[in-house]
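Visitor: prediction below, plus the sequence it came from.
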Amino acid sequence: MTETKKYAIVTGGSRGIGSAICKKLAVETDYQLLINYQSNKQAAEDTLQEVIALGGSGEIIKFDVSNAEETQQALAAWEEQHPEAMIEVIVNNAGITRDGLFMWMPLQDWNQVIQTSVGGFFHVTNFFIKKMLHNRYGRIINIVSVSAVKGTPGQTNYSAAKAALIGATKALAQEIGKRNITVNAVAPGFIKTEMTQDLDQKELKKQIPLNRFGEAEEVADLVAFLASKKSSYITGEVININGGIYS
């Protein structure tokens with residue numbers, strides 16, 4: 001009988017916080033990494049090479065989490081090629097922003113943001129959930145945002161999408177806790193990534209008690225802890241990592 005290979009999947013794993021999470025899991029866990037990307041293959045390859053350089057192993061997988069059919073096909077094909085694989089950790093990190101005032105927001109910007117965060121969570125988690133339940137072990141970690149907790153003007157769509165994920169986190173945690181599967185949300189504040197590079201750091205730092213933007217590695221540390229056995233009695237939680245910004 002072939003030995004089971006244990007995997008962690010990270011959606012949107014090629015850049016920013018997702019890439020930092022992949023590298024941290026490579027160092028701190030024994031999981032093989034399944035690094036999802038949508039368009040930037042080079043960034044995904046670079047992340048994989050860094051994972052390997054850190055002593056980890058993994059592979060990249062291309063699909064758009066917001067597209068149910070594409071996600072299903074990609075994951076089913078991957079499972080067929082890896083009959084010995086067991087996904088034990090799901091990090092739902094993929095998300096997009098389409099910022100703008102609500103009164104002028106096109107329907108497309110609303111739908112895309114909701115479908116990527118909320119639809120993406122459903123499409124990926126739902127694909128693996130039965131096997132996780134059968135296996136009686138799992139860690140599901142949803143990356144949300146300070147916008148979900150306090151709301152951010154100009155981000156009604158993003159705040160709504162990430163707040164929906166918080167509700168899903170709390171409900172699913174109660175459904176599957178008996179099977180030793182935890183579900184938690186991580187809510188980063190202002191983190192130095194491509195997504196925040198155009199923001200006025202000097203001005204925004206005044207709102208942050210710790211007086212700085214966070215590092216992607218700091219978020220990754222928290223995710224690695226939640227992905228580990230050490231977090232076994234934490235579920236249904238939203239953990240803020242934002243330098244002290246609260247509404």
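Guide: That came in fine, so what should we check first? Note that the coordinates shown come from a computational prediction; the quantities given were computed from them, not determined experimentally.
Visitor: pull the helix or strand of the chain with the lowest mean pLDDT out as PDB, backbone CA atoms only.
Guide: One helix or strand of the chain scores below all others by mean pLDDT, DSSP states H and E: helix 201-204, with a mean of 81. Extracted C-alpha coordinates of helix 201-204, given in PDB (Å, rounded to 0.1, in the frame of the first residue of the first chain):
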ATOM      1  CA  GLN A 201       1.900  54.500   4.600                       C
ATOM      2  CA  LYS A 202       2.900  57.700   6.400                       C
ATOM      3  CA  GLU A 203      -0.600  58.800   6.900                       C
ATOM      4  CA  LEU A 204      -2.100  55.400   7.700                       C
END
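Visitor: who's in contact with it?
Guide: Contact partners of helix 201-204, identified using Cβ atoms under 8 Å, 6 or more residues apart in numbering, comprise 190, 213. Backbone N, C-alpha and C define where each C-beta goes, glycine included.
Visitor: mind running it again at 10 Å?
Guide: With contact meaning Cβ atoms under 10 Å, 6 or more residues apart in numbering, helix 201-204 is reached by 189, 190, 192, 196, 208, 212, 213, 245.
Visitor: give the ChimeraX command for selecting the buried subset of these.
Guide: Restricted to buried positions by 16 or more other Cβ atoms under 10 Å, the ChimeraX selection for the contacts of helix 201-204 reads:
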select :189,190,192,196,208,213,245
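Visitor: thinking again about what came up before, does anything pack onto the helix or strand following the least confident helix or strand of the chain? Which helices or strands?
Guide: Sequence-wise, the next helix or strand downstream of helix 201-204 (DSSP states H and E) is helix 216-226. Packing partners of helix 216-226 (3 or more Cβ pairs under 10 Å, 6 or more residues apart in numbering; DSSP states H and E): strand 5-10, helix 16-28, strand 85-92, strand 138-143, strand 181-188, strand 238-241.
Visitor: try it again at 8 Å.
Guide: helix 16-28, strand 138-143, strand 181-188, strand 238-241 (3 or more Cβ pairs under 8 Å, 6 or more residues apart in numbering; DSSP states H and E).
Visitor: specify the angle between it and strand 5-10 in degrees.
Guide: 140 degrees (axes from the mean of the first three to the mean of the last three Cα atoms, to 10 degrees).
Visitor: now helix 216-226: how far from the chain's centre is it?
Guide: 11 Å (Cα atoms, centre = their mean, to the nearest Å).
Visitor: contacts for that helix, please.
Guide: Against helix 216-226 from outside (Cβ under 8 Å, 6+ apart): 16-17, 19-21, 23-25, 28-29, 91, 139, 141, 143, 182, 184, 186, 188, 191-193, 231, 234, 239, 241.
Visitor: and if you look at stretch 36-54?
Guide: With Cβ under 8 Å, 6+ apart as the criterion, stretch 36-54 contacts 9-15, 18-19, 22-23, 26-27, 33, 35, 57-65, 94, 124.
Visitor: ChimeraX command to pick out the buried ones of the residues you listed?
Guide: To isolate the buried ones among these in ChimeraX, judged by 16+ other Cβ under 10 Å, type:
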select :9,10,11,12,13,14,15,18,19,22,23,26,33,35,58,60,61,63,64,65,94,124
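Visitor: before I go, just wanted to say thanks for your time.
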